[in-house]
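> Here is my input, please return the structure:
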Amino acid sequence: MLHRVEGIVIRSVEYGEGNLIVTLMTGEFGKVGVMVRGAKKTRSRHAAVTQLYTYGEYVYYKSNTGTLGTLNHAELLDAFSGIRGDLRRSAYAAYFAEVTDRLVPDGEASAFLYEQLKAAYEALSGGKEPAVVGAMLELKLFAFSGVSPITQECAECGRSPEPQEAAFWSPAAGGLVCVSCAGAFADRTPLAPGVRKLLPVLQRADLRRLGDVNVKPRTRADLKQTMRRWFETHADVRLRTRAVLDQIEAVYADDDAGDDPADASGRDGS
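Presented below is the predicted three-dimensional model:
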């Protein structure tokens, strides 16, 4: 049976001589595996459409009993050229592909999650801050997986701490915890004020309507650590691209610190 889908390449594996098996993230079917014969050969007509994090339209044949389709035709819709010439953005783009592939189970479709992934690549290509885009995508993936953190009220008692009160982050508790409850959780760490303000906004915001979000380097670093601790507790996967991303982020690290006036209200800042 022939299928025509729009999708994003989130995985590509060599198979035999000159062939590739690519995994497409689609809105209609979720993850789709497709054999692309001759894709690695010189002058292959499918070379461009099988590159990682390429967005295209794919026509493939799949039998009713098979698990893998065979590509018949493909058309490139967006190569996200704003990413490919930038080392840091390319590292984030590869991470987006791998984390989506690892956290989305086979056979589970989500049109919303697919649109969020596509919007994440568009934002990355369009010059938005990669760390913010990455945190937003991770939060969407956590929500899809049923492990979304509590970011506004205490995960233990349900009280919303006042802005001037200290708050803590405990993945074991389920997210934010207040001063009164924090002592019960050995994994608690202080939640930086900038991250505390930013997290609920990023959690609610739609990547398709992401405006300009100005986040200072210190807050970016704190956000990364906060998200990392949640990931390590609630997602039991090892990611090759994250190690590469960490190395590149270290090169780009800035010693500036401070809280940030962040605006992720969803206004279009492009």
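> contacts and neighbour counts: CA atoms only from here.
OK.
> per-residue confidence at the closest residue in space to Asn64 that isn't next to it in sequence?
Spatial nearest neighbour of Asn64, excluding adjacent residues (Cα to Cα, 6 or more residues apart in numbering): Met1 at 7.3 Å. The predicted structure scores Met1 at 89 on the pLDDT scale.
> Hmm, Ala166 and Ser160 touching each other?
No - the criterion here is Cα atoms under 8 Å, and Ser160 misses it with Ala166 at 11.2 Å.
> which neighbours do those two share?
Contact criterion Cα atoms under 8 Å, 6 or more residues apart in numbering; residues shared by Ser160 and Ala166: Cys178.
> I'd say Ser125 and Gly82 touch.
Yes - counting by Cα under 8 Å, Gly82 is a contact partner of Ser125 at 4.2 Å.
> So for these two, which sits in the more crowded spot?
A direct count of neighbours by other Cα atoms under 10 Å for Ser125 and Gly82 places Ser125 higher, at 21 against 16.
> how near is that one to Ala119?
10 Å (Cα to Cα, to the nearest Å).
> Also Val49?
As judged by Cα to Cα, Val49 and Ala119 stand 18 Å apart.
> Which one's more surrounded, these two?
More crowded of Val49 and Ala119, by other Cα under 10 Å: Val49, with 23 against 19.
> Which helix or strand contains the closest residue to the more buried one other than its chain neighbours?
Leaving aside its sequence neighbours, Val49 sits nearest to Leu76 (Cα to Cα, 6+ apart; 5.6 Å). Leu76 belongs to strand 69-78 when elements are defined using DSSP states H and E.
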